[in-house]
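# generate coordinates for the sequence data below:
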Amino acid sequence: MTFRQSFTAAAADIDELGHVNNAVWVRWIQDLAVAHWDAIAPPEHRDTMVWVVTRHEIDYRGNVTEGETVTGETWVPQPPRGARFDRHVRFTGADGRVRVEAITTWALLDRATGRLMRVRPDIAAPFLAG
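Numbers count the residues shown, from 1 in each chain. Predicted coordinates:
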């Protein structure tokens, strides 16, 4: 299941080289993942569980300048391993060119205790690529 969301580069997102700063791409990756969770997870999961990033692997393939919009896509291609799973992310410009690709590893925590919890099949199922 692929989830999509658009992002437009604001003046505050631009670095001294005139394009979106690397830290902004990390923020957009996280914003996209959280929006995916919020859009699909049932309320009882959102209320009792929270995800944290344990690793980002990002490939920068092109630049984005102020005012430019990219479409972020994210999907989970494989079932989780214990408390963790890999999320794939791709940002594409209006011209169809990929600007950024990433694989991020996320871990599931119990919101009340802050402890890792195994990702049960019922939690993962709505997010797995068909």
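# could you use CA atoms for every contact and neighbour count after this?
Fine.
# quick one: the residue nearest the centre of the chain from residue 90, how far?
Of all residues in the chain, the one closest to the mean position by CA atoms, centre = their mean is residue 33, 3.2 Å from it. Distance of residue 33 to residue 90, computed by CA to CA, to the nearest Å: 12 Å.
# where along this structure do the strands fall?
For the chain, applying DSSP state E gives strands covering 3-8, 49-60, 69-75, 84-93, 98-110.
# the second one: how far from the chain's middle?
Centre-to-centre, strand 49-60 and its host chain are 7 Å apart (CA atoms, centre = their mean, to the nearest Å).
# now it: buried residues?
Residues of strand 49-60 classed as buried: 49-51, 58 (neighbour count, 16 or more other CA atoms under 10 Å).
# farthest-separated two in those?
Within those, 49 and 58 form the most distant pair, 25.7 Å apart (CA to CA).
# close enough to count as contact, residue 112 and residue 48?
Yes. Shown here, residue 112 and residue 48 form a contact pair, counting by CA atoms under 8 Å, at 6.9 Å.
# residues near the closest residue in space to the residue nearest to the centre of the chain that isn't next to it in sequence, how many?
Nearest residue to residue 33 in three dimensions, chain neighbours excluded: residue 74, at 7.1 Å (CA to CA, 6 or more residues apart in numbering). Residue 74 has 24 neighbouring residues, counting by other CA atoms under 10 Å.
# no further queries at this time; thank you.
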